[in-house]
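Chemist: Give the three-dimensional model of this entry:
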Amino acid sequence: MDYNATAPVRPEAAAAMIEALRTPGNASSPHAPGRRASAVVQLGRSRLAELLGCAPSELVFTSGATEANNLALRIAAPDAGQIVVSAVEHPAVLEAARQVASDQQCELSIIGVDRDGKLRVDELRLALSSPRRALVSIMAANNETGVLNDLKEIAELTHAAGGLLHSDATQFVGRLPLDVSTVEVDLLSLSAHKFGGPQGVGALFIRRGLPIRHRPLVRGGGQERGWRAGTLNVAGISGMGAAAAAARAQIDVESVRIGQLRDRLEAMVLAALPDTQINGYVAPRLPGVSSMTFPGAPADAVLAGMPNVAASDGSACSSGALSPSHVLLAMGRTAEQADSTIRFSLGYATTEAEIDFAAEQVVSTVRRVREAMCVS
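Modeler: Numbering: from 1, shown residues only. Coordinates of the predicted model:
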């Protein structure tokens with residue numbers, strides 16, 4: 001129940017990685033093993049490009065979306081007078097935007113969301129009315145609530161104002177169809193492990209012809225056309241490409257099936273615990289994400305009470321933080337409500353039996369925690 005943290009590695013990805021590890025080589029080397037490794041990398045690049053609807057040459061491999069987000073903001077911000085982000089971005093964007101804005105002396109504008117987690121587009125329009133050229137960074141899908149943003153509309157507004165649009169699409173890629181040639185996003189970040197690839201590898205899409213200069217985070221041998229130095233992770237890229245191909249082949253059917261499982265989970269929990277609140281319930285959401293608030297039942301106690309259910313009390317990257325979820329606070333929830341919220345996220349291998357088991361565990365554990373809270 002925690003695919004937004006990481007998905008199980010798809011069998012196709014595992015097989016591709018094992019094959020790549022059996023024929024080692026440095027993709028930058030000109031000899032036969034190097035050429036074989038380079039061919040594996042190019043296959044992975046092509047498969048990922050097919051999933052995104054872009055050219056293979058528009059992809060830069062990274063260690064994951066966090067690095068891709070940081071790279072995107074670093075290379076695009078110096079040509080802008082302001083950076084515009086939403087209040088519910090992942091910390092990999094929010095913290096990077098604050099640092100880059102400080103380093104480059106850019107104005108930082110933070111756009112709010114409504115109680116359903118939907119972007120306040122009027123605030124975005126106002127920010128874009130500034131004479132300063134904008135770099136806008138808005139996520140495709142929220143990692144805690146699954147709420148979707150209309151990237152096509154945001155791209156149109158941004159480009160009409162002469163700005164550039166970056167999107168952290170970490171939770172979106174491989175789960176819903178995405179064609180960057182239609183959406184017209186300028187830069188887009190992703191991580192392989194969210195759609196069944198391995199951890200530790202991701203990519204940044206950089207639209208061909210953008211008016212930005214090379215400003216790599218990692219300097220060295222000049223790999224990835226100078227955007228990101230370092231020996232390429234051949235096995236990881238191979239696994240990511242295989243996962244991308246598998247996701248692309250199944251995405252239409254799987255998104256419907258996973259959405260039905262999410263709805264089943266919510267219906268079962270709501271039937272037994274009618275005071276449960278579903279955050280972002282009326283907004284467009286990813287098919288496999290449900291953020292549930294259980295009044296009177298702290299999330300950490302509920303999670304501890306059901307060790308056989310893997311779920312999260314927020315973003316996997318911020319779990320354990322002492323402060324409440326910044327996403328839920330931005331949506332108008334109280335700190336107490338945020339601390340009583342659990343995120344369930346499903347994926348390609350989730351079964352109906354797992355949903356039924358999880359629902360039973362959630363209901364019984366929430367009741368048990370509430371009873372204990374009343375006694376204490």
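Chemist: Residue 63 and residue 199 touch, don't they?
Modeler: No: counting by CB atoms under 8 Å, residue 63 does not reach residue 199; the two are 9.5 Å apart. Glycine gets a C-beta too; all of them are placed from N, C-alpha and C.
Chemist: Which other helices and strands does whichever strand or helix holds residue 165 contact?
Modeler: With secondary structure defined by DSSP states H and E, residue 165 is part of strand 164-168. With contacts defined as 3 or more CB pairs under 8 Å, 6 or more residues apart in numbering; DSSP states H and E, strand 164-168 has these neighbours: helix 65-76, strand 134-137, helix 151-160, strand 187-191.
Chemist: Highest mean neighbour count out of these?
Modeler: Most buried of the helices and strands packed on strand 164-168 by mean neighbour count (mean count of other CB atoms under 10 Å) is strand 187-191; its value is a mean of 30.
Chemist: For that strand, which strands pair with it and how are they oriented?
Modeler: Here strand 187-191 is paired, per DSSP bridges, with strand 164-168 (parallel), strand 202-206 (antiparallel).
Chemist: Point out where the stretch 251-376 of the chain drops to low pLDDT.
Modeler: 314-322, 376 (pLDDT under 70).
Chemist: Mind jotting down where the strands sit in it?
Modeler: Assigned by DSSP state E, counting those that start in this stretch, the strands in the stretch 251-376 of the chain fall at 277-279, 289-293, 341-345.
Chemist: Distance check, residue 112 against residue 199.
Modeler: Taking CB to CB, to the nearest Å as the measure, residue 112 falls 32 Å from residue 199.
Chemist: If you could redo that for residue 298, that was the one I meant.
Modeler: In terms of CB to CB, residue 298 sits 29 Å off from residue 199.
Chemist: Also residue 35?
Modeler: On the measure of CB to CB, residue 35 and residue 199 end up 27 Å apart.
Chemist: Neighbour count: those two, which is higher?
Modeler: residue 199 (16 against 13; other CB atoms under 10 Å).
Chemist: That one and residue 120, how far apart?
Modeler: Taking CB to CB, one finds residue 199 at 34 Å from residue 120.
Chemist: hmm, back to that, how about the strands of the stretch 251-376 of the chain in a markdown table, adding distance to residue 9 and mean neighbour count?
Modeler: Putting the strands of the stretch 251-376 of the chain into a markdown table (distance: least, CB to CB, whole Å; neighbours: other CB atoms under 10 Å) gives the following:
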| stretch | distance to residue 9 | mean neighbour count |
| --- | --- | --- |
| strand 277-279 | 29 | 19 |
| strand 289-293 | 20 | 25 |
| strand 341-345 | 16 | 27 |
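Chemist: right, and the ones you listed - which one's nearest residue 26?
Modeler: Comparison of the strands of the stretch 251-376 of the chain against residue 26 by CB to CB identifies strand 341-345 as nearest, at 36.4 Å.
Chemist: Can you get me a residue count around residue 306?
Modeler: 21.
Chemist: do residue 365 as well
Modeler: By other CB under 10 Å, 20 other residues sit near residue 365.
Chemist: helices and strands around the helix or strand containing residue 49, which ones?
Modeler: Taking DSSP H and E as the criterion, residue 49 maps to helix 32-52. Counting by 3+ CB pairs under 8 Å, 6+ apart, the packing neighbours recorded for helix 32-52 are helix 11-22, strand 59-62, helix 234-272.
Chemist: Just name the most buried of these.
Modeler: For those, the highest mean count by mean count of other CB under 10 Å goes to strand 59-62, at a mean of 25.
Chemist: separation between the closest residue to residue 312 other than its chain neighbours and residue 236?
Modeler: Leaving aside its sequence neighbours, residue 312 sits nearest to residue 343 (CB to CB, 6 or more residues apart in numbering; 4.7 Å). From residue 343 across to residue 236, the span is 26 Å (CB to CB).
Chemist: for residue 328, same thing?
Modeler: 33 Å.
Chemist: Kindly report the same for residue 323.
Modeler: Using CB to CB, which is the criterion applied here, residue 323 is 33 Å from residue 236.
Chemist: returning to that earlier point: could you dump the strands of the stretch 251-376 of the chain into a markdown table with distance to residue 259 added?
Modeler: What follows is the strands of the stretch 251-376 of the chain, written out as a markdown table (distance: least, CB to CB, whole Å):
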| stretch | distance to residue 259 |
| --- | --- |
| strand 277-279 | 14 |
| strand 289-293 | 10 |
| strand 341-345 | 12 |
